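Engineer: Kindly generate the corresponding structure for this input.
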Amino acid sequence: MSESATSGVREVTVASAFAGMRSVSPVVFKAGCPDCRGCFELTASALRLVIGATSRTTFYSFTCPECGVSVRKPAGERIVELLTGGGVSTLRLHSTL
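Structural biologist: Here you go, the predicted model:
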């Protein structure tokens, strides 16, 4: 076995792997305002996620772009997963140790 394990494998740089990409579409989240009943899409930068010690202290918030009210909604496990995966800023109120 004189051949190396990578024989015949071409190295790929990050630049060459992404050379054909032009741009990446930002992640958007659909949301609704309980005050004005408006429905809209928000980017990750428009949302904040707070993870508390319990489900009662875990929520996401945003400012309604239509009426300007501050909205706070509960965030279950699936919502937390989607928001963190989409790049939403997260504040942890408890230790994960």
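
Engineer: all helices for the chain, in order.
Structural biologist: 14-17, 77-85 (DSSP state H).

Engineer: Which of the ones you listed sits closest to residue 32?
Structural biologist: Taking CB to CB as the criterion, helix 77-85 is the member of the helices of the chain that comes nearest to residue 32, at 13.6 Å. To be clear about C-beta, it is placed using only N, CA and C from the backbone, and glycine gets the same treatment.

Engineer: what helices or strands is the closest one leaning on?
Structural biologist: The contact analysis (3 or more CB pairs under 8 Å, 6 or more residues apart in numbering; DSSP states H and E) places helix 77-85 against strand 48-51.

Engineer: 10 Å instead, please
Structural biologist: Helices and strands touching helix 77-85, by 3 or more CB pairs under 10 Å, 6 or more residues apart in numbering; DSSP states H and E, are strand 28-32, strand 48-51, strand 59-63, strand 89-92.

Engineer: Name the surrounding residues that touch the third one.
Structural biologist: Applying CB atoms under 10 Å, 6 or more residues apart in numbering, the contact partners of strand 59-63 are 29, 31, 33, 40, 42, 46-52, 69-75, 79-80, 82-83, 88, 90.

Engineer: what about 7 Å?
Structural biologist: Strand 59-63 is touched from outside by 31, 42, 46-50, 70-75, 79, 83, with contacts defined as CB atoms under 7 Å, 6 or more residues apart in numbering.

Engineer: same deal with the second one?
Structural biologist: In this structure, residues lying in contact with strand 48-51 by CB under 7 Å, 6+ apart are 58-61, 75, 80, 83-84, 88-93.

Engineer: ok, of those, which come out buried?
Structural biologist: Buried members of the contacts of strand 48-51, scored by 16 or more other CB atoms under 10 Å, are 58, 59, 60, 75, 80, 83, 88.

Engineer: what pLDDT does the fourth one get?
Structural biologist: Put plainly, it is residue 75. The model reports residue 75 with a pLDDT of 96.

Engineer: Sweet, I'm off.
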